Every structure is written in C-alpha cells, then in structure tokens.
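Undergrad: Got a predicted model here, sequence first, then my questions.
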Amino acid sequence: MAYWLIKSEPFKYSWDQLVKDKKTFWDGVRNYAARNNLRAMKKGDLAFFYHSNEGVEIVGIAKVVKEAYQDPTTPEETWSAVDFAPHKKLKKPVTLAQIKADERLANMALVRLGRLSVQPVTDEEWDIVMEMSETK
C-alpha cells in the first residue's frame with residue numbers, strides 16, 4: 001500500500017462534505033506531476049485529506065476506492081480522476097506549521113512542493129503525522 005496527500009480548499013470541498021457524500025471523485029487536477037500521482041494510486045491506498053488555504057491542516061484519511069480513469073470534467077484524455085471514500089477522521093488535526101516545525105518532515109512534499117495538489121507521502125512521514133495526530 002502507498003500513502004498520499006490530497007488537498008482541497010474547505011469552501012470548495014471539505015472533509016465533512018466527503019463524510020456526508022460517502023464517496024467522491026477527485027477531478028480537476030491540471031498539473032502533470034499531480035496527475036501522475038493520481039495515476040499511480042491503487043485501490044486501498046490511503047491519503048491524508050488536507051484543507052488548504054483555510055485551516056491549512058491535515059484533518060482526515062481518505063481511501064482510494066477506484067483507480068484512475070478519464071476525468072469526467074474535461075474531454076481531454078490527458079487528465080485523470082480517482083474515487084475516494086472517507087476512511088478515518090484524525091483525532092487531532094495536524095497543521096502545516098506543526099509539520100514545518102518537525103525537522104523529521106523537512107523533506108515531505110507538503111513542505112518542499114507546497115503547491116502540488118496530489119502528493120506522495122513516505123511510510124516514515126505517514127507514521128510521524130499519525131503520531132502527531134494521536135490517531136491509531
């Protein structure tokens with residue numbers, strides 16, 4: 001299993017909305033690196049759900065329930081979408097400031113590639129963030 005981080009502005013699509021919807025498709029990605037990350041995801045992979053711009057924190061964990069397919073919001077075959085379902089809410093959200101303050105996370109894509117909307121997360125980074133969130 002691989003780990004990821006997906007970003008959404010809460011006013012556009014929040015963690016609470018994902019929980020309410022029970023499933024969503026992650027579309028509208030128009031960056032090649034982010035698209036390639038979507039295409040690398042496998043069913044069952046987990047992704048931190050990160051609120052960007054407002055809150056600026058990891059609030060939950062989503063699970064890949066359908067692997068990459070043609071993004072339904074565009075006729076261009078270049079772009080892909082992936083389906084996610086809520087997996088678990090974090091006991092304590094983990095803020096970007098907390099992540100930046102932890103030297104063990106200095107190489108995390110969230111710190112190095114802040115604008116990338118779909119990012120890989122290493123096993124070690126995953127474990128550290130989970131520890132920070134006090135979530136089992």
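TA: Ah, there it is. Predicted model, so just to flag it, every value in this text is computed and none were measured. Numbers count the residues shown, from 1 in each chain.

Undergrad: Please make it C-alpha for all contacts and neighbour counts, starting now.
TA: Will do.

Undergrad: how near is Ser14 to Arg112?
TA: Separation of Ser14 from Arg112 (C-alpha to C-alpha, to the nearest Å): 24 Å.

Undergrad: The two: which has the busier surroundings?
TA: Ser14 (18 against 12; other C-alpha atoms under 10 Å).

Undergrad: Other residues contacting the longest helix along the chain?
TA: For the chain, the helix that runs over the most residues, judged by DSSP state H, is helix 123-133. Under the criterion C-alpha atoms under 8 Å, 6 or more residues apart in numbering, residues 2-3, 90-94, 99, 104-105, 108, 136 lie in contact with helix 123-133.

Undergrad: Of those residues, keep whichever come out buried.
TA: Neighbour counting with 16 or more other C-alpha atoms under 10 Å marks 2-3, 90, 92-94, 99, 105, 108 as buried within the contacts of helix 123-133.

Undergrad: Can you tell me how far the nearest residue to Lys22 once chain neighbours are set aside is from Pro93?
TA: Once flanking residues are discounted, Lys22 sits nearest to Ala85: 5.7 Å by C-alpha to C-alpha, 6 or more residues apart in numbering. The gap separating Ala85 from Pro93 is 18 Å, by C-alpha to C-alpha.

Undergrad: can I get the CA coordinates of the longest helix of the chain in PDB?
TA: Included here for helix 123-133 are C-alpha records, laid out as PDB according to Å, rounded to 0.1, in the frame of the first residue of the first chain:
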ATOM      1  CA  ASP A 123       5.900   5.400   5.200                       C
ATOM      2  CA  GLU A 124       8.000   7.300   7.700                       C
ATOM      3  CA  GLU A 125       6.200  10.600   7.100                       C
ATOM      4  CA  TRP A 126       2.900   8.900   7.400                       C
ATOM      5  CA  ASP A 127       3.900   7.400  10.800                       C
ATOM      6  CA  ILE A 128       5.100  10.700  12.100                       C
ATOM      7  CA  VAL A 129       2.000  12.600  11.100                       C
ATOM      8  CA  MET A 130      -0.200   9.800  12.600                       C
ATOM      9  CA  GLU A 131       1.800  10.100  15.800                       C
ATOM     10  CA  MET A 132       1.300  13.900  15.800                       C
ATOM     11  CA  SER A 133      -2.500  13.400  15.300                       C
END
